[in-house]
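[1] Below are the sequence and a predicted model; questions follow.
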Amino acid sequence: MTTMQPGMITLSTLNEVLRIRHGFFTREGGSSEGIYASLNCGLATGDDPAKVASNRARALALLDVEPQSLATVQQQHTTDVVVIDENWTPDSPIPVADAMVTTRAGIALGILTADCAPVLLADPRANIIGAVHAGWRGALGGVLDNTVAAMVKLGAKPARIAAAVGPCIAHRSYEVGPEFPAPFLAEDPDNHFFFAPAVRQGHFYFDLPGFIARRLAKLSVIDVARTPCDTYREEGRFFSYRRSVLKGEKDFGRSLSVIVLER
């Protein structure tokens, strides 16, 4: 079940986990203007940094989290995972990575997206959480595998992990070129299930959230929920890299997704 309130979406797979708070934030309810309207949480944009900081604070307030508790990474479509341990402080350098895991209560793991999938994970028995930026490149390359492995190293068990796949570009909107399926099929011929013929000859529609869910299942993470959203088509609710490019816009906002262990 998906739960929505203005500006935030949650999923039952994590709502039912004790001591976990999470939220997938939309573009609604912020202070930014123009192409960044309105809850742009991406500092690596041309938006006013003060407005971005205000937007982040507004989003985190919905989870009763202080802004200084937010941990993020420099996302570059890698497969790298960092552990947010006792050495992390709000002034720590922001590492290049696309996933985080932690056992620290009160630290909010934050992922920024605009068509790629934010994936939030939790092992409630071990009190371990993770957050992943999963575009096609990272998902195929192993960022989900590496995140689950990092959680296991801290004491998690894959079968206990609950996962929530947040708003991303939907199957119907993700048209790719003729060369795109090859690396997926080379890895596993069954990946053909995630491609459907597009209207343009030789092109395909790619099911990113479906591929992510299957990848998690292959890692023995079975409790996976997905939002029914499409960041590309729902312009009033979500930022979209692809939509902005097709409209010729110079930049695009980023939506924040957060998971935190309660103290």
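    Sure thing, it's come through.
[2] The residue nearest to residue 191 when sequence neighbours are not counted: which element?
    By the measure of CB to CB, 6 or more residues apart in numbering, the closest residue to residue 191 outside its immediate chain neighbours is residue 184, 4.1 Å from it. In this view, the C-beta of every residue, glycine as well, is placed from N, C-alpha and C. Secondary-structure assignment from DSSP states H and E places residue 184 in helix 182-187.
[3] List of residues touching that helix?
    140, 191-192, 194-195, 211 (CB atoms under 8 Å, 6 or more residues apart in numbering).
[4] Secondary structure and distance to residue 94 added to the residues you listed, as a markdown table?
    Formatted as a markdown table, the entries for the contacts of helix 182-187 read as follows, by DSSP: H, G, I helix; E, B strand; the rest coil; distance: CB to CB, whole Å:
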| residue | secondary structure | distance to residue 94 |
| --- | --- | --- |
| 140 | helix | 25 |
| 191 | helix | 33 |
| 192 | helix | 38 |
| 194 | helix | 32 |
| 195 | strand | 35 |
| 211 | helix | 28 |
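[5] For the stretch 151-263 of the chain, which segments count as helices?
    Ranges of helices within the stretch 151-263 of the chain are 182-187, 208-218, 241-246, based on DSSP state H, counting those that start in this stretch.
[6] Where do the strands of the stretch 51-200 of the chain begin and end?
    Counting by DSSP state E, counting those that start in this stretch, the stretch 51-200 of the chain forms strands over residues 70-71, 81-84, 99-102, 108-113, 117-123, 128-134, 162-165, 175-176, 195-197, given from the N-terminal end onward.
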